[in-house]
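K.L.:
After the sequence you'll find the predicted model.
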Amino acid sequence: MAGDLVINVNGKSHAVTAAPDTPLLYVLRNELGLHGPKYGCGLEQCGACMVLVGSEARNSCKLTVGEVGQAPVTTLEGLIENGELHPVQRAFIEEQAAQCGYCTGGMIIRATALLLQNPEPSDQKIRAALDGNLCRCGSHLRILRAVKRASELMWGDAQP
Ligand code: FES
C-alpha cells in the first residue's frame, strides 16, 4: 500500500508515499527534492539518473522504489560530507569536466563506484566503466582526466 515504504537515502530514513512500482528516480526528485539524479532517457541507456545503491552504481529510472528496500541509496548530494565535496566531485570541478553538465552527476556516481572497487583504474577500465554514461558535449577526455585526478585525491600514495 502506498505510504508504507521506508527507504534509506543519504544516511536518513524516508517514508515514501509512492507505490512500490514507482521508479526510484521519481521518488528522489519529486518526494525528496534531490535533483542530482536527472531524467535523461528513462530507459537505462544514458546514466543521467545514476545513484549508488550500497557501493554499486545503478540507474534509478528503472529501478523501483520497492526493489531498493532498505539498501542504502546515495545521490550526488549525499557524497558531500560535513560540507566538503567528495574528492570525485572536486576532481570534476578542477578538470572542468563538463559543458552542459546534464550527465555529470551520473558520471560522478559511476566514477565513485569504480574507484571504490578499483582505486587505480587504467584508461581502458575507466572508459569501460563509463561506457553506459552518455555525454553529448564531447567532454570525454576531461572526464577521463577527472577520474584519474579523483583517484589521486581519494587514495594518493596510500592504496587501500
Ligand atoms: Fe536513467 Fe537515462 S534516465 S539511464
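P.N.:
Great, that's in hand.

K.L.:
Which residues of the chain lie near the ligand?
P.N.:
Taking CB under 6 Å from any ligand atom as the criterion, the chain approaches the ligand at residues 39, 40, 41, 42, 44, 45, 46, 47, 48, 49, 59, 61. Heads up, the C-betas are built off the backbone N, CA and C, glycines and all.

K.L.:
Now do the helices in the chain.
P.N.:
24-26, 65-68, 87-94, 104-117, 123-129, 140-155 (DSSP state H).

K.L.:
Output the residues of the chain next to the ligand in a markdown table, with neighbour count appended to each entry.
P.N.:
Shown next, in a markdown table, are the residues of the chain next to the ligand (neighbours: other CB atoms under 10 Å):
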| residue | neighbour count |
| --- | --- |
| 39 | 15 |
| 40 | 22 |
| 41 | 13 |
| 42 | 14 |
| 44 | 16 |
| 45 | 13 |
| 46 | 22 |
| 47 | 24 |
| 48 | 24 |
| 49 | 29 |
| 59 | 27 |
| 61 | 23 |
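
K.L.:
Throw the residues you listed into a markdown table and include distance to residue 96, thanks.
P.N.:
Shown next, in a markdown table, are the residues of the chain next to the ligand (distance: CB to CB, whole Å):
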| residue | distance to residue 96 |
| --- | --- |
| 39 | 25 |
| 40 | 21 |
| 41 | 25 |
| 42 | 29 |
| 44 | 28 |
| 45 | 26 |
| 46 | 22 |
| 47 | 20 |
| 48 | 19 |
| 49 | 23 |
| 59 | 26 |
| 61 | 27 |
